[in-house]
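Trainee: Predicted model and sequence below, questions to follow.
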Amino acid sequence: MIAADTPSTWIIYNRLVREHGLFPCIIEEAVERRILIRNRIRKLGLFAVLGQIAFVALIRPILRYQASRRIRELCHQFDLEAGQPLTPAIRYVESANSNEAISLLRAADPRIVIVNGTRILKPDVLSSVKAPFINTHQGITPRYRGAHGAYWALHENDRDHCGVTVHFVDEGIDTGNIIGQATIDPQPADSFVTYPFLQTAAALPILRNAIAALRSGKIETSATSGPSAVWYHPTIWEYIRARLRGVR
């Protein structure tokens with residue numbers, strides 16, 4: 001597994017260890033904030049990025065505080081283990097695209113590589129081992145590529161596409177062939193910070209079936225088609241406007 005240090009990563013890793021035994025996990029460090037901000041400004045402009053920073057700094061901490069009980073409920077309901085396990089099988093690298101990450105992948109000689117929450121993987125990484133790379137994406141592709149797909153589906157009044165996708169990884173942003181998708185049904189108690197727990201819970205059966213199918217050599221996929229867009233963090237004013245419509 002190659003992933004970011006997030007609750008969804010540990011939920012997936014803990015479940016797979018429970019089902020398949022201990023296996024190597026490579027965790028990349030977060031991109032430096034100044035680099036991330038600089039890159040976002042280039043893509044989205046200064047005004048939008050300032051709004052995103054305000055959302056992350058002012059709104060998200062409140063949502064996390066309010067959601068603590070709901071998150072515990074979801075973890076109990078779906079048997080999700082969101083804590084990082086203590087094991088030497090977990091290794092940290094600066095970047096998933098680093099030479100160190102490639103060396104660790106080659107040393108592991110995996111049959112399947114599970115990806116979760118990393119930066120876009122470069123061709124050198126994807127070709128470093130013969131194993132297929134499978135990503136758990138928190139959104140329905142290709143309509144909600146990028147980040148926070150469930151939130152944006154609700155924001156766009158598109159509940160039929162509020163869900164999760166498991167797909168093969170290619171060189172694009174969540175553009176690989178689709179292995180499986182599932183929708184979620186957020187409740188009034190859910191919000192921006194709890195949607196990922198619902199999505200990860202919905203992804204686990206798809207991921208389990210995908211691993212079994214790959215092992216048997218009978219995996220079936222479908223190409224992405226239809227409307228396509230990449231989404232990012234909401235700005236503070238986008239969130240407030242949507243919150244007034246009931247989108248949390």
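Mentor: Yep, it's here. Numbering: from 1, shown residues only.
Trainee: got the contact list for residue 222?
Mentor: 177, 178 (Cβ atoms under 8 Å, 6 or more residues apart in numbering). (Each C-beta comes from the backbone N, C-alpha and C, glycine too.)
Trainee: 6 Å instead?
Mentor: By Cβ atoms under 6 Å, 6 or more residues apart in numbering, the residues touching residue 222 are residue 178.
Trainee: give me the element the closest residue to residue 210 other than its chain neighbours is part of.
Mentor: Counting by Cβ to Cβ, 6 or more residues apart in numbering, residue 210 lies nearest to residue 179, which is 4.8 Å off, once chain neighbours are set aside. Applying DSSP states H and E as the criterion places residue 179 in strand 178-183.
Trainee: to the chain's geometric centre, what's the distance from the helix or strand following that strand?
Mentor: As assigned by DSSP H and E, the chain's next helix or strand after strand 178-183 is helix 195-216. Computed by Cα atoms, centre = their mean, to the nearest Å, the separation of helix 195-216 from the middle of its chain amounts to 12 Å.
Trainee: How about stretch 63-71?
Mentor: Centroid separation between stretch 63-71 and its chain, computed with Cα atoms, centre = their mean, is 19 Å.
Trainee: buried residues in the lowest-mean-pLDDT helix or strand in the chain?
Mentor: One helix or strand of the chain scores below all others by mean pLDDT, DSSP states H and E: helix 33-44, with a mean of 92. Buried residues in helix 33-44, defined by neighbour count with 16 or more other Cβ atoms under 10 Å: 37, 40.
Trainee: same deal with stretch 52-69?
Mentor: Here stretch 52-69 shows 52, 53, 55, 59, 60, 67 as buried, counting by 16+ other Cβ under 10 Å.
Trainee: cool, and stretch 230-248?
Mentor: For stretch 230-248, burial by neighbour count (16+ other Cβ under 10 Å) applies to 231, 233, 234, 235, 236, 238, 239, 242, 247, 248.
Trainee: With stretch 200-213 instead?
Mentor: For stretch 200-213, burial by neighbour count (16+ other Cβ under 10 Å) applies to 200, 201, 202, 203, 204, 206, 207, 210, 211.
Trainee: Packing partners of the strand holding residue 179?
Mentor: Here strand 178-183 touches strand 163-168, helix 195-216, going by 3 or more Cβ pairs under 6 Å, 6 or more residues apart in numbering; DSSP states H and E.
Trainee: hey, C-alpha coordinates of the last one in CSV?
Mentor: Once non-C-alpha atoms are left out, helix 195-216 reads as follows in CSV (Å, rounded to 0.1, in the frame of the first residue of the first chain):
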residue,chain,number,x,y,z
TYR,A,195,-18.6,12.0,4.4
PRO,A,196,-15.2,10.4,3.9
PHE,A,197,-16.0,7.8,6.6
LEU,A,198,-19.2,6.9,4.8
GLN,A,199,-17.3,6.7,1.5
THR,A,200,-14.5,4.6,2.9
ALA,A,201,-17.0,2.2,4.4
ALA,A,202,-18.8,1.9,1.1
ALA,A,203,-15.5,1.3,-0.7
LEU,A,204,-14.3,-1.6,1.4
PRO,A,205,-16.5,-4.3,-0.1
ILE,A,206,-15.6,-3.1,-3.6
LEU,A,207,-11.9,-3.2,-2.7
ARG,A,208,-12.3,-6.7,-1.3
ASN,A,209,-14.0,-8.0,-4.4
ALA,A,210,-11.4,-6.2,-6.6
ILE,A,211,-8.5,-8.0,-4.8
ALA,A,212,-10.2,-11.3,-5.2
ALA,A,213,-10.9,-10.7,-8.9
LEU,A,214,-7.3,-9.7,-9.5
ARG,A,215,-6.0,-12.8,-7.8
SER,A,216,-8.2,-14.9,-10.0
